[in-house]
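[1] model the structure of this input:
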Amino acid sequence: MVWKFTLSFAAGIAMLSGVFAQGNCTSFDLEYICQNTEYVQSVSSDCGLQCLSEGEECLETCMVEQLELSLPCIGCFGEQVVCVVQNCYFACAFGTEEACAECALANCEAGFNECAGVVDFDSDTWTNLCDCNDSNPLVFPGADGTNQGFDNDCNGLLSPDELTTCLADMNTDQIIGTADLLIFLGAFNCNDNCLEGADFNNDGVVGASDLLIFLSEFGLFCF
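    Presented below is the predicted three-dimensional model:
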């Protein structure tokens, strides 16, 4: 029963794949779990095993000594232990490994996610745990590049298939940012001898329509 419980408890971590904080886990907690998934899984499994008969407080004490997570976030792991013991005792004690894990996920994953604030806003199957932009379904770990100026695969690096052609890269640093905005605003409302490149729609005036184009490209990475 014990080893099956350990597997089911670890499954809760393994299923988290995806940093806006919505619950008891802060954005720092979620990032820490994402960056240290295997370690957090190992500690939570070991502590779950040690505290199987002692309950939530035992688990929280065990985990807080080893993990850089806030107490409210660790409390969600404690609640998960209670949930597994209450709902999956027979499945884990007398059933198969698969039945134990299935029971834990079916009965306790949703509660843990709600407690911790783990969500998938963009429905791309990656939650805000590791999804670097959970408002864009084209951005998640391992995603293919779309040449739209996003770090599609969330690896912090930009590949040629992620870059896009931009009109508003005023300082040619390959990203549309605040520096470009300041340059653009310096030419705003110009209708004679305008800064070359600020009249994005080539109508002879640097105006509101050009600003809308600029804002649509803000934050993009460019060729």
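
[2] grab the longest helix from this structure for me.
    Secondary structure of the chain read by DSSP state H shows that its longest helix is helix 71-94.

[3] give me the contacts around it.
    1, 4-5, 8-9, 12, 23-26, 29, 44, 47-48, 51-52, 55-57, 59-60, 63-64, 67, 99-100, 102-104, 107-108, 111-112, 115-116 (C-beta atoms under 8 Å, 6 or more residues apart in numbering). Placement of C-beta: from N, CA and C, glycine included.

[4] next one: stretch 133-150
    17-20, 119-128, 130-132, 151-155, 159-164, 166, 176, 217, 219-222.

[5] hmm, 7 Å instead?
    Outside of stretch 133-150, the residues within contact range by C-beta atoms under 7 Å, 6 or more residues apart in numbering are 18, 20, 120-124, 126, 128, 130-132, 151-154, 159, 161-164, 166, 220-222.

[6] among those, which are in helices?
    Among the contacts of stretch 133-150, no member falls in helices (DSSP H).

[7] give me the buried subset of these.
    Buried by 16 or more other C-beta atoms under 10 Å: 18, 120-122, 124, 126, 128, 130-132, 151-154, 162-163, 166, 220-222, out of these.

[8] before we move on, the earlier item: pLDDT (mean, whole number) over the helix or strand just after the longest helix of the chain?
    Downstream of helix 71-94, the next assigned helix or strand under DSSP states H and E is helix 97-116. Helix 97-116 shows a mean pLDDT of 89.

[9] residue numbering should commence at 38 henceforth.
    All set: I'll call the first residue 38, so the last point we hit is now helix 134-153.

[10] run a quick neighbour tally on Thr133.
    By the criterion of other C-beta atoms under 10 Å, Thr133 has 11 neighbours.

[11] flag the shaky bits of this structure, pLDDT-wise.
    Within the chain, the segments meeting pLDDT under 70 span 38-59, 230, 232.

[12] do I have it right that Leu67 meets Asp168?
    No. Using C-beta atoms under 7 Å, Leu67 makes no contact with Asp168, being 10.1 Å away.

[13] picking up where we left off before, just the buried residues of the longest helix of the chain, please?
    Within helix 108-131, the residues scored as buried using 16+ other C-beta under 10 Å are 110-118, 120-122, 124-125, 128-129.

[14] which two among these are spaced furthest apart?
    For these, the farthest-apart pair by C-beta to C-beta is Cys110 and Ala128; their separation is 26.7 Å.

[15] distance of Thr162 from Asp168?
    9 Å (C-beta to C-beta, to the nearest Å).

[16] I misspoke; the intended subject was Ser81.
    If you go by C-beta to C-beta, the gap between Ser81 and Asp168 works out to 21 Å.

[17] centroid-wise, who is the farthest residue in this protein?
    Asp229 (46.6 Å; C-alpha atoms, centre = their mean).

[18] would it count as being in a strand?
    No. Counting by DSSP: H, G, I helix; E, B strand; the rest coil, Asp229 is not found in a strand; it is coil.

[19] not counting its neighbours along the chain, what's nearest Ala235?
    Spatially, and ignoring its direct neighbours in sequence, Ala235 is nearest to Ala224 (4.0 Å; C-beta to C-beta, 6 or more residues apart in numbering).

[20] that neighbour reaches Val242, doesn't it?
    No. In this structure, Ala224 is not within contact of Val242 by C-beta under 7 Å, at 10.3 Å.
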